[in-house]
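Participant: Sequence unavailable; structure follows:
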């Protein structure tokens, strides 16, 4: 009976160990990918806020643009996950959206919707692409 209990506990334990090792490898790769500069320059912040017209660029309910005033410059791809500190990775965000997003990587769908929304308020010759990651060394 003891052998059956031990076997039943060992299989999920082994699975958790493998998942833990995989997570450590992914985190290690992201640390190596980090941009040495974390903060946006004043010029990048000024240009990013002007591009967004001072309004939050994050998604609110029903996949529409948040209507609050932008207070923060946020990395679309989080800096901690290898996001670069560049104007392409800059999104204007209100405090609430910035806290809600945290260090999560947005889905490809969110990226596509943000780019589509930017086409509505960015000049035709302006940058509508969003998100940029540092290459692995």
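Facilitator: Sure, I can see it. The shown structure was predicted, so the numbers you read here are calculated from the model rather than taken from an experiment.
Participant: So the residue most central in space within the chain: helix, strand or coil?
Facilitator: For the chain, the residue lying nearest the average C-alpha position, counting by CA atoms, centre = their mean, turns out to be residue 77 (3.0 Å). Secondary structure assignment for residue 77 (DSSP: H, G, I helix; E, B strand; the rest coil): coil.
Participant: how about the nearest residue to it, chain neighbours excluded?
Facilitator: With CB to CB, 6 or more residues apart in numbering as the measure, residue 83 is the residue that lies nearest to residue 77, at 3.2 Å, once sequence neighbours are left out. Bear in mind the C-beta positions are built from the backbone N, C-alpha and C, glycine included.
Participant: Residue 79 too?
Facilitator: residue 38 (5.3 Å).
Participant: I'd guessed that neighbour sits against residue 78; true?
Facilitator: No. Using CB atoms under 8 Å, residue 38 is not in contact with residue 78; the gap is 10.6 Å.
Participant: can you tell me the helix or strand for the residue nearest to residue 79?
Facilitator: Secondary-structure element containing residue 38, defined by DSSP states H and E: none, the residue being outside all helices and strands.
Participant: what's it sitting at in phi/psi?
Facilitator: With angles defined as degrees, to the nearest 10, residue 38 shows backbone torsions of phi -100, psi -40.
Participant: Please apply the same query to residue 58.
Facilitator: Backbone torsions of residue 58, given as degrees, to the nearest 10, read phi -80, psi 170.
Participant: Residue 39 contacts residue 79, correct?
Facilitator: No. Under the contact definition of CB under 8 Å, residue 39 does not touch residue 79, with a separation of 9.2 Å.
Participant: Spit out the residues that contact those two alike.
Facilitator: Taking CB atoms under 8 Å, 6 or more residues apart in numbering as the criterion, residue 39 and residue 79 both touch residue 85.
Participant: Going by how many neighbours each has, rank those two and give me the top one.
Facilitator: More neighbours surround residue 79 than the other of residue 39 and residue 79, with 19 against 10 (other CB atoms under 10 Å).
Participant: If I look at that one, what pLDDT would I see?
Facilitator: Turning to residue 79, the model gives it a pLDDT of 92.
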